[in-house]
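A.B. asks: What would the 3D arrangement of this be:
(one chain, ligands or ions: 1)
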Amino acid sequence: MFAVYASKPNLDDPLAAVVVGERPEPKVTEGWVRVKVSHASLNRHDLFTLRGITAHDEPISYPMILGNDGAGVLDDGTEIVIYPVMGSSDWRGDETLDPDWHIFSERVQGTFADFVAVPRRNAIPRPAGISALDASVMGTAWLTAYRALFTKSNLGPGETLLVQGASGGMSTALIQLGRAAGYEVWATSRTAEGRELAEKLGAHRTFGSNEQLPRKVEAIVDSVGPASWPHSMASIGRGGTIVITGGTTGLEASLPLLPMLAEQITVCGSIMGTMQDMQNMLGFIVAAQIKPEIGQVVPMDCAREALRAMWEGRTHGKTVFTR
Ligand SMILES: NC(=O)c1ccc[n+]([C@@H]2O[C@H](COP(=O)([O-])OP(=O)(O)OC[C@H]3O[C@@H](n4cnc5c(N)ncnc54)[C@H](OP(=O)(O)O)[C@@H]3O)[C@@H](O)[C@H]2O)c1
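C.D. replies: Numbers count the residues shown, from 1 in each chain. Take a look at the predicted model:
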(Lines give C-alpha, C1' and ligand atoms only; values in the text may rest on other atoms or scores of the structure.)
Protein backbone atom coordinates (compact mmCIF):
# COMPACT_ATOMS: atom_id res chain seq x y z
CA MET A 1 0.00 0.00 0.00
CA PHE A 2 0.98 3.67 -0.32
CA ALA A 3 2.75 5.03 2.78
CA VAL A 4 4.96 7.87 3.98
CA TYR A 5 7.58 6.44 6.30
CA ALA A 6 10.95 6.88 7.97
CA SER A 7 13.50 4.47 6.58
CA LYS A 8 15.91 4.99 9.47
CA PRO A 9 16.40 7.87 11.91
CA ASN A 10 18.39 10.94 10.92
CA LEU A 11 18.86 13.33 13.86
CA ASP A 12 20.28 16.29 11.95
CA ASP A 13 18.58 15.92 8.57
CA PRO A 14 15.13 14.40 9.21
CA LEU A 15 13.96 15.11 5.65
CA ALA A 16 16.62 12.70 4.37
CA ALA A 17 14.83 9.94 6.27
CA VAL A 18 11.43 10.49 4.56
CA VAL A 19 10.34 7.86 2.03
CA VAL A 20 7.16 8.28 -0.01
CA GLY A 21 6.59 4.78 -1.29
CA GLU A 22 5.11 1.37 -0.56
CA ARG A 23 4.78 -0.61 2.68
CA PRO A 24 2.94 -3.88 3.47
CA GLU A 25 -0.70 -3.55 4.55
CA PRO A 26 -1.15 -3.78 8.34
CA LYS A 27 -1.94 -7.10 10.00
CA VAL A 28 -5.21 -6.78 11.90
CA THR A 29 -5.06 -8.90 15.07
CA GLU A 30 -7.79 -9.84 17.57
CA GLY A 31 -9.37 -6.71 19.10
CA TRP A 32 -8.02 -4.41 16.38
CA VAL A 33 -9.74 -2.96 13.32
CA ARG A 34 -8.56 -1.74 9.93
CA VAL A 35 -9.10 1.93 9.03
CA LYS A 36 -9.04 3.13 5.43
CA VAL A 37 -7.47 6.52 6.00
CA SER A 38 -9.18 9.46 4.28
CA HIS A 39 -7.45 12.31 6.17
CA ALA A 40 -4.34 12.37 8.37
CA SER A 41 -2.76 15.40 10.03
CA LEU A 42 0.85 16.38 10.50
CA ASN A 43 2.43 16.84 13.93
CA ARG A 44 5.84 17.93 15.14
CA HIS A 45 6.04 14.38 16.52
CA ASP A 46 6.52 13.21 12.90
CA LEU A 47 9.81 15.11 12.88
CA PHE A 48 10.76 13.37 16.14
CA THR A 49 10.05 9.99 14.53
CA LEU A 50 12.24 10.93 11.56
CA ARG A 51 14.98 12.07 13.97
CA GLY A 52 14.76 8.95 16.20
CA ILE A 53 13.56 10.93 19.25
CA THR A 54 11.01 9.23 21.51
CA ALA A 55 9.56 9.92 24.97
CA HIS A 56 9.73 6.20 25.73
CA ASP A 57 12.61 4.03 26.91
CA GLU A 58 12.77 1.65 23.97
CA PRO A 59 13.97 2.91 20.56
CA ILE A 60 11.62 3.10 17.55
CA SER A 61 11.87 0.11 15.24
CA TYR A 62 12.34 1.26 11.59
CA PRO A 63 11.01 1.38 8.90
CA MET A 64 8.15 3.25 10.59
CA ILE A 65 5.13 4.77 8.87
CA LEU A 66 4.64 8.36 10.10
CA GLY A 67 1.41 9.92 11.37
CA ASN A 68 -0.26 10.06 14.80
CA ASP A 69 -3.73 11.23 13.84
CA GLY A 70 -6.41 10.58 11.29
CA ALA A 71 -9.96 9.92 10.26
CA GLY A 72 -11.36 7.34 7.90
CA VAL A 73 -13.68 4.40 7.42
CA LEU A 74 -13.72 0.91 8.95
CA ASP A 75 -14.23 -2.19 6.80
CA ASP A 76 -17.91 -2.26 7.95
CA GLY A 77 -18.42 1.30 6.63
CA THR A 78 -18.38 3.12 10.02
CA GLU A 79 -16.85 6.58 9.72
CA ILE A 80 -14.39 7.10 12.56
CA VAL A 81 -11.83 9.42 14.09
CA ILE A 82 -8.75 7.92 15.71
CA TYR A 83 -8.00 8.37 19.44
CA PRO A 84 -4.19 8.15 19.35
CA VAL A 85 -3.26 6.90 22.85
CA MET A 86 -2.78 3.13 23.21
CA GLY A 87 -1.49 1.02 26.09
CA SER A 88 -1.86 -2.24 27.96
CA SER A 89 -5.28 -3.90 27.63
CA ASP A 90 -5.68 -4.34 31.40
CA TRP A 91 -4.96 -0.66 32.25
CA ARG A 92 -7.89 1.20 33.82
CA GLY A 93 -8.12 4.95 34.40
CA ASP A 94 -6.12 7.80 32.86
CA GLU A 95 -4.58 6.32 29.70
CA THR A 96 -1.67 8.80 29.80
CA LEU A 97 -0.52 7.38 33.16
CA ASP A 98 -0.28 3.81 31.83
CA PRO A 99 3.46 2.94 31.91
CA ASP A 100 2.89 1.22 28.55
CA TRP A 101 1.17 4.14 26.80
CA HIS A 102 2.27 5.03 23.29
CA ILE A 103 0.90 6.63 20.15
CA PHE A 104 0.96 5.71 16.47
CA SER A 105 4.37 5.69 14.75
CA GLU A 106 6.21 4.74 17.93
CA ARG A 107 5.57 1.01 18.49
CA VAL A 108 2.90 0.54 15.85
CA GLN A 109 2.74 1.86 12.30
CA GLY A 110 1.25 5.33 11.76
CA THR A 111 -1.57 6.91 9.81
CA PHE A 112 0.20 8.31 6.71
CA ALA A 113 -0.88 5.33 4.60
CA ASP A 114 -3.80 3.79 2.78
CA PHE A 115 -4.64 1.71 5.87
CA VAL A 116 -3.77 1.72 9.56
CA ALA A 117 -4.63 -0.93 12.17
CA VAL A 118 -5.96 0.47 15.47
CA PRO A 119 -7.32 -1.06 18.69
CA ARG A 120 -11.11 -1.21 18.37
CA ARG A 121 -11.66 1.27 21.24
CA ASN A 122 -9.39 3.82 19.50
CA ALA A 123 -11.75 4.01 16.51
CA ILE A 124 -14.34 6.52 17.71
CA PRO A 125 -17.45 6.83 15.53
CA ARG A 126 -17.19 10.33 14.07
CA PRO A 127 -19.89 12.55 15.62
CA ALA A 128 -22.40 14.29 13.37
CA GLY A 129 -21.40 17.93 13.06
CA ILE A 130 -17.68 17.42 12.49
CA SER A 131 -16.22 16.63 9.07
CA ALA A 132 -13.55 13.99 8.49
CA LEU A 133 -11.14 16.83 7.60
CA ASP A 134 -11.68 18.64 10.92
CA ALA A 135 -11.79 15.39 12.93
CA SER A 136 -8.40 14.36 11.56
CA VAL A 137 -6.63 17.15 13.49
CA MET A 138 -8.21 16.34 16.86
CA GLY A 139 -5.88 13.58 17.98
CA THR A 140 -2.59 14.99 19.18
CA ALA A 141 -2.09 18.78 19.26
CA TRP A 142 -5.79 19.54 19.85
CA LEU A 143 -6.24 16.82 22.46
CA THR A 144 -3.15 18.06 24.31
CA ALA A 145 -4.41 21.64 24.14
CA TYR A 146 -7.84 20.60 25.45
CA ARG A 147 -6.43 18.78 28.46
CA ALA A 148 -3.86 21.48 29.23
CA LEU A 149 -6.63 24.06 29.25
CA PHE A 150 -9.51 22.27 30.93
CA THR A 151 -7.80 19.78 33.25
CA LYS A 152 -4.43 21.30 34.11
CA SER A 153 -4.52 25.10 33.89
CA ASN A 154 -6.78 25.75 36.93
CA LEU A 155 -8.26 28.69 35.00
CA GLY A 156 -11.53 30.09 36.28
CA PRO A 157 -14.17 31.79 34.12
CA GLY A 158 -13.00 35.10 32.70
CA GLU A 159 -9.38 34.62 33.83
CA THR A 160 -6.48 35.22 31.47
CA LEU A 161 -4.69 32.52 29.49
CA LEU A 162 -1.36 33.31 27.82
CA VAL A 163 -0.51 31.04 24.88
CA GLN A 164 3.19 31.03 24.05
CA GLY A 165 3.47 30.90 20.24
CA ALA A 166 0.50 31.67 18.03
CA SER A 167 0.88 30.05 14.65
CA GLY A 168 1.28 26.37 15.49
CA GLY A 169 -1.15 23.49 15.66
CA MET A 170 -1.35 23.47 19.45
CA SER A 171 -1.30 27.26 19.86
CA THR A 172 -4.15 27.79 17.42
CA ALA A 173 -6.10 25.04 19.22
CA LEU A 174 -5.51 26.74 22.59
CA ILE A 175 -6.62 30.10 21.24
CA GLN A 176 -9.79 28.70 19.65
CA LEU A 177 -10.70 26.51 22.65
CA GLY A 178 -9.84 29.24 25.16
CA ARG A 179 -11.91 31.84 23.37
CA ALA A 180 -14.90 29.50 23.04
CA ALA A 181 -14.67 28.69 26.76
CA GLY A 182 -14.87 32.35 27.75
CA TYR A 183 -11.32 32.97 28.92
CA GLU A 184 -9.43 36.20 28.21
CA VAL A 185 -6.93 34.88 25.65
CA TRP A 186 -3.51 36.44 25.06
CA ALA A 187 -0.88 35.03 22.70
CA THR A 188 2.73 35.73 21.74
CA SER A 189 4.28 35.25 18.33
CA ARG A 190 7.61 35.77 16.60
CA THR A 191 5.85 37.29 13.61
CA ALA A 192 3.22 39.85 12.66
CA GLU A 193 1.45 37.10 10.67
CA GLY A 194 1.31 34.91 13.78
CA ARG A 195 -0.26 37.73 15.81
CA GLU A 196 -2.73 38.46 13.03
CA LEU A 197 -3.74 34.81 12.88
CA ALA A 198 -4.15 34.67 16.68
CA GLU A 199 -6.43 37.72 16.58
CA LYS A 200 -8.43 36.24 13.71
CA LEU A 201 -8.94 33.09 15.80
CA GLY A 202 -10.18 35.04 18.81
CA ALA A 203 -7.16 36.16 20.87
CA HIS A 204 -8.11 39.34 22.76
CA ARG A 205 -4.52 40.64 22.81
CA THR A 206 -1.26 39.60 21.15
CA PHE A 207 2.39 40.41 21.86
CA GLY A 208 5.77 39.86 20.32
CA SER A 209 7.72 36.88 21.67
CA ASN A 210 9.25 37.83 25.03
CA GLU A 211 7.53 41.23 25.07
CA GLN A 212 6.70 42.38 28.58
CA LEU A 213 2.97 42.01 29.29
CA PRO A 214 0.89 44.86 30.75
CA ARG A 215 0.05 42.63 33.72
CA LYS A 216 0.63 39.11 34.92
CA VAL A 217 -1.77 36.31 33.96
CA GLU A 218 -3.46 33.43 35.78
CA ALA A 219 -2.31 30.63 33.45
CA ILE A 220 0.20 30.03 30.67
CA VAL A 221 0.48 27.10 28.27
CA ASP A 222 4.04 26.88 26.98
CA SER A 223 5.02 24.45 24.21
CA VAL A 224 7.89 26.61 22.92
CA GLY A 225 10.45 25.69 25.57
CA PRO A 226 13.68 27.50 26.48
CA ALA A 227 13.01 30.40 24.08
CA SER A 228 9.88 31.39 26.03
CA TRP A 229 10.51 29.90 29.46
CA PRO A 230 12.00 33.02 31.18
CA HIS A 231 9.08 35.04 29.76
CA SER A 232 6.58 32.52 31.10
CA MET A 233 8.15 32.67 34.56
CA ALA A 234 8.14 36.49 34.43
CA SER A 235 4.52 36.66 33.23
CA ILE A 236 2.76 34.27 35.60
CA GLY A 237 0.83 35.84 38.45
CA ARG A 238 0.81 34.89 42.12
CA GLY A 239 -0.85 31.50 42.53
CA GLY A 240 -0.87 30.95 38.77
CA THR A 241 -0.19 27.82 36.73
CA ILE A 242 2.24 27.17 33.88
CA VAL A 243 1.43 24.06 31.85
CA ILE A 244 4.36 22.72 29.84
CA THR A 245 3.18 20.84 26.76
CA GLY A 246 6.23 20.82 24.50
CA GLY A 247 9.76 21.94 23.82
CA THR A 248 9.92 23.17 20.24
CA THR A 249 13.13 25.16 20.94
CA GLY A 250 14.71 22.57 23.25
CA LEU A 251 14.07 20.60 26.40
CA GLU A 252 16.38 22.16 29.01
CA ALA A 253 15.58 25.26 31.09
CA SER A 254 16.38 26.39 34.61
CA LEU A 255 13.71 26.65 37.29
CA PRO A 256 14.00 29.71 39.57
CA LEU A 257 12.87 28.33 42.92
CA LEU A 258 12.38 31.56 44.88
CA PRO A 259 9.53 33.03 42.78
CA MET A 260 7.97 29.59 42.60
CA LEU A 261 7.70 29.31 46.35
CA ALA A 262 7.20 32.99 47.17
CA GLU A 263 4.53 33.47 44.47
CA GLN A 264 3.12 29.95 44.90
CA ILE A 265 3.38 29.13 41.23
CA THR A 266 2.38 25.71 39.94
CA VAL A 267 4.42 24.30 37.05
CA CYS A 268 3.10 21.08 35.57
CA GLY A 269 3.57 19.00 32.47
CA SER A 270 0.80 17.64 30.30
CA ILE A 271 0.94 15.02 27.61
CA MET A 272 -1.85 13.97 25.24
CA GLY A 273 -5.26 13.30 26.90
CA THR A 274 -7.63 10.58 27.99
CA MET A 275 -10.35 8.94 25.92
CA GLN A 276 -12.84 10.91 28.02
CA ASP A 277 -10.96 14.16 27.15
CA MET A 278 -11.18 13.22 23.47
CA GLN A 279 -14.93 12.50 23.69
CA ASN A 280 -15.52 15.71 25.67
CA MET A 281 -13.48 17.74 23.20
CA LEU A 282 -15.38 16.38 20.19
CA GLY A 283 -18.65 17.29 21.94
CA PHE A 284 -17.37 20.78 22.75
CA ILE A 285 -16.13 21.38 19.19
CA VAL A 286 -19.52 20.45 17.78
CA ALA A 287 -21.52 22.39 20.41
CA ALA A 288 -19.36 25.53 20.17
CA GLN A 289 -19.17 25.21 16.35
CA ILE A 290 -15.39 25.54 16.36
CA LYS A 291 -13.71 25.22 12.94
CA PRO A 292 -10.14 24.14 13.69
CA GLU A 293 -7.52 26.27 11.94
CA ILE A 294 -6.21 24.16 9.07
CA GLY A 295 -3.49 25.99 7.17
CA GLN A 296 -3.02 23.51 4.37
CA VAL A 297 -4.80 20.49 2.86
CA VAL A 298 -2.66 18.52 0.40
CA PRO A 299 -2.57 14.99 -1.03
CA MET A 300 -0.47 12.62 1.08
CA ASP A 301 1.96 12.30 -1.83
CA CYS A 302 3.09 15.86 -0.94
CA ALA A 303 4.10 14.89 2.60
CA ARG A 304 7.80 15.59 2.07
CA GLU A 305 7.25 19.27 1.28
CA ALA A 306 4.84 19.64 4.22
CA LEU A 307 7.37 18.03 6.57
CA ARG A 308 10.00 20.43 5.24
CA ALA A 309 7.70 23.39 5.95
CA MET A 310 7.24 22.22 9.53
CA TRP A 311 10.99 21.64 9.97
CA GLU A 312 11.60 25.18 8.71
CA GLY A 313 8.82 26.66 10.90
CA ARG A 314 6.67 27.75 7.93
CA THR A 315 3.38 25.96 8.76
CA HIS A 316 0.40 27.59 10.45
CA GLY A 317 -2.45 25.83 12.16
CA LYS A 318 -2.69 22.20 11.15
CA THR A 319 -1.62 20.56 7.91
CA VAL A 320 -3.88 17.76 6.65
CA PHE A 321 -3.04 15.05 4.11
CA THR A 322 -5.86 13.58 2.06
CA ARG A 323 -5.91 10.11 0.52
N1 LIG B 1 2.56 17.23 25.24
C2 LIG B 1 2.01 16.63 24.17
O3 LIG B 1 1.31 15.63 24.29
C4 LIG B 1 2.23 17.25 22.83
C5 LIG B 1 1.31 17.05 21.79
C6 LIG B 1 1.50 17.72 20.60
C7 LIG B 1 2.62 18.51 20.44
N8 LIG B 1 3.54 18.63 21.45
C9 LIG B 1 4.69 19.49 21.33
O10 LIG B 1 4.25 20.85 21.38
C11 LIG B 1 5.07 21.66 20.54
C12 LIG B 1 4.21 22.41 19.55
O13 LIG B 1 3.59 21.50 18.70
P14 LIG B 1 2.81 22.00 17.43
O15 LIG B 1 2.21 20.81 16.80
O16 LIG B 1 1.93 23.12 17.80
O17 LIG B 1 4.02 22.54 16.53
P18 LIG B 1 3.99 23.62 15.37
O19 LIG B 1 2.67 23.56 14.68
O20 LIG B 1 5.21 23.45 14.57
O21 LIG B 1 4.07 25.03 16.14
C22 LIG B 1 5.27 25.54 16.68
C23 LIG B 1 4.90 26.68 17.62
O24 LIG B 1 6.05 27.16 18.30
C25 LIG B 1 6.14 28.58 18.19
N26 LIG B 1 7.58 28.91 18.12
C27 LIG B 1 8.22 29.79 18.90
N28 LIG B 1 9.53 29.80 18.66
C29 LIG B 1 9.74 28.92 17.67
C30 LIG B 1 10.89 28.53 16.96
N31 LIG B 1 12.10 29.03 17.23
N32 LIG B 1 10.74 27.60 15.96
C33 LIG B 1 9.50 27.07 15.67
N34 LIG B 1 8.38 27.44 16.34
C35 LIG B 1 8.50 28.34 17.32
C36 LIG B 1 5.34 28.94 16.95
O37 LIG B 1 4.72 30.19 17.19
P38 LIG B 1 4.98 31.51 16.30
O39 LIG B 1 5.39 31.04 14.92
O40 LIG B 1 3.67 32.19 16.31
O41 LIG B 1 6.04 32.25 17.02
C42 LIG B 1 4.28 27.85 16.93
O43 LIG B 1 3.14 28.25 17.68
C44 LIG B 1 6.09 20.72 19.90
O45 LIG B 1 7.28 20.77 20.66
C46 LIG B 1 5.43 19.37 20.01
O47 LIG B 1 6.34 18.32 20.03
C48 LIG B 1 3.35 18.01 22.64
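A.B. asks: What lies in contact with the one helix or strand Ser232 maps to?
C.D. replies: Ser232 belongs to helix 229-235 when assigned by DSSP states H and E. Residues outside helix 229-235 that contact it (C-beta atoms under 8 Å, 6 or more residues apart in numbering): 162, 164, 188, 209-210, 212-213, 216-217, 220, 222, 242, 253, 256, 259, 265. To be clear about C-beta, it is placed using only N, CA and C from the backbone, and glycine gets the same treatment.
A.B. asks: that's a helix at Leu261, yeah?
C.D. replies: Yes - counting by DSSP: H, G, I helix; E, B strand; the rest coil, Leu261 is found in a helix.
A.B. asks: can you pull the buried residues of the helix holding Ser232?
C.D. replies: 229, 231-233, 235 (16 or more other C-beta atoms under 10 Å).
A.B. asks: what does stretch 44-62 give?
C.D. replies: 44-52, 54, 60.
A.B. asks: Same check on stretch 93-112?
C.D. replies: So stretch 93-112, judged by 16+ other C-beta under 10 Å, has buried residues 95-96, 98, 101-106, 108-112.
A.B. asks: who's in contact with the spatially most central residue of the chain?
C.D. replies: Centroid-nearest residue in the chain, with C-alpha atoms, centre = their mean: Ala141, separated by 1.4 Å. If you count contacts by C-beta under 8 Å, 6+ apart, Ala141 has them with 43, 168-170, 173, 318.
A.B. asks: rerun at 10 Å
C.D. replies: Taking C-beta atoms under 10 Å, 6 or more residues apart in numbering as the contact definition, Ala141 lies against 41-45, 68-69, 168-174, 223, 245-246, 272, 292, 317-318.
A.B. asks: How about Ser38?
C.D. replies: Here Ser38 is in contact with 70-73, 79, 132-133, 135-136, 321-323 (C-beta under 10 Å, 6+ apart).
A.B. asks: Kindly recompute the last result at 6 Å.
C.D. replies: 72, 132, 323 (C-beta atoms under 6 Å, 6 or more residues apart in numbering).
A.B. asks: pLDDT, distance to the ligand and neighbour count for those - can I get that in JSON lines?
C.D. replies: Below are the contacts of Ser38 laid out as JSON lines (pLDDT from 0 to 100; distance: C-beta to the nearest ligand atom, whole Å; neighbours: other C-beta atoms under 10 Å):
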{"residue": "Gly72", "pLDDT": "98", "distance to the ligand": "21", "neighbour count": "27"}
{"residue": "Ala132", "pLDDT": "98", "distance to the ligand": "20", "neighbour count": "19"}
{"residue": "Arg323", "pLDDT": "96", "distance to the ligand": "21", "neighbour count": "18"}
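A.B. asks: still on that earlier bit, quick check, nearest of the contacts of helix 229-235 to Lys200?
C.D. replies: Thr188 (15.7 Å; C-beta to C-beta).
A.B. asks: In this structure that closest one contacts Ser209, no?
C.D. replies: Yes - between Thr188 and Ser209 a contact is recorded at 5.1 Å, counting by C-beta atoms under 6 Å.
A.B. asks: How about the backbone phi and psi for Gly269?
C.D. replies: Per-residue torsions, Gly269: phi -100, psi 160 (degrees, to the nearest 10).
A.B. asks: What of Gly317?
C.D. replies: Torsion angles, degrees, to the nearest 10, at Gly317: phi 60, psi -150.
A.B. asks: count of neighbours near the closest residue to it other than its chain neighbours?
C.D. replies: Leaving aside its sequence neighbours, Gly317 sits nearest to Glu293 (C-beta to C-beta, 6 or more residues apart in numbering; 3.4 Å). Close neighbours of Glu293, defined as other C-beta atoms under 10 Å, add up to 21.
A.B. asks: how close does Glu293 sit to Leu161?
C.D. replies: As judged by C-beta to C-beta, to the nearest Å, Glu293 and Leu161 stand 17 Å apart.
A.B. asks: Kindly report the same for Ala262.
C.D. replies: Counting by C-beta to C-beta - Ala262 and Leu161 are separated by 23 Å.
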